[in-house]
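In: Structure for this input, please:
(one chain, ligands or ions: 1)
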Amino acid sequence: MSELIDKDLITNDFQPLERVTVKTFDTSVNAHLFRIELENEGIESFIYDEETITMDPLLSNAIGGIKVKINAKDIERTKEFLAKREEENNPPCPNCGSKRIMTNFRSFKSASGIISAIAAFLFTIFPPLFKTVNKCLDCNKEFESLDT
Ligand SMILES: [Zn+2]
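Out: The predicted structure follows:
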């Protein structure tokens, strides 16, 4: 599953009554789940290209996935919702409770200098040897990410 923030949302190049893409999905199930989340926030949303892709999944890459769109007038609320959602999906630091977490940090905790360089080299050859962790940006504590 890939969730790509559509360029439409970033460029702000839209007319007030236009619909803009919030996210794109590979499967219709995920698109609908996201739509329900928006609906719970009171944001009206619309699914595009669902039938085309459900009938021919290979077309997904060609036309950019199943799109969940919103009315352009809801764009600010939607951005707020996405920011909140992102924050809730990231676990807080177990040490200090901070939400400023760097995710998928590769732990070379005890390594320094040349050893760190070797570790980085080994990582490219034997990725499973190194665990991926989250790192707190406030207290520097490393902890395992929940989603692995
Ligand atoms: Zn912390």
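
In: In which helix or strand does Asp138 reside?
Out: If you go by DSSP states H and E, Asp138 is not part of any helix or strand.

In: Is it in contact with Cys96, as I believe?
Out: Yes - between Asp138 and Cys96 there is a contact at 5.6 Å, judged by C-beta atoms under 8 Å. Glycine gets a C-beta too; all of them are placed from N, C-alpha and C.

In: which SS state does Met102 fall under?
Out: Following DSSP: H, G, I helix; E, B strand; the rest coil, the label given to Met102 is strand.

In: Mind listing what's buried along the lengthiest helix in the chain?
Out: In the chain, assigned by DSSP state H, the helix with the most residues is helix 75-89. Under the neighbour-count criterion of 16 or more other C-beta atoms under 10 Å, helix 75-89 has Ile75, Thr78, Phe81, Leu82 buried.

In: do stretch 54-73 as well
Out: Within stretch 54-73, the residues that count as buried by 16+ other C-beta under 10 Å are Ser60, Gly65, Ile66, Lys67, Val68, Lys69, Ile70, Asn71, Ala72.

In: so which of those comes closest to the ion?
Out: Comparing the buried residues of stretch 54-73 against the ion with C-beta to the ion places Val68 closest, at 33.7 Å.

In: gap between the closest one and Phe34?
Out: Using C-beta to C-beta, to the nearest Å, Val68 is found at 5 Å from Phe34.

In: same question, Phe121
Out: In terms of C-beta to C-beta, Phe121 sits 40 Å off from Phe34.

In: These two - which one has more neighbours?
Out: Phe34 (20 against 10; other C-beta atoms under 10 Å).

In: Quick one: residues contacting the more buried one.
Out: Val22, Lys23, Phe25, Val68 (C-beta atoms under 8 Å, 6 or more residues apart in numbering).

In: and of the residues you listed, the nearest to the ion?
Out: Among those, and counting by C-beta to the ion, the member closest to the ion is Lys23, at 29.5 Å.

In: Pretty sure the closest one sits against Lys69.
Out: No - using C-beta under 8 Å, Lys23 is not in contact with Lys69; the gap is 9.4 Å.

In: What strand or helix carries Val133?
Out: Using DSSP H and E, Val133 falls in strand 132-136.
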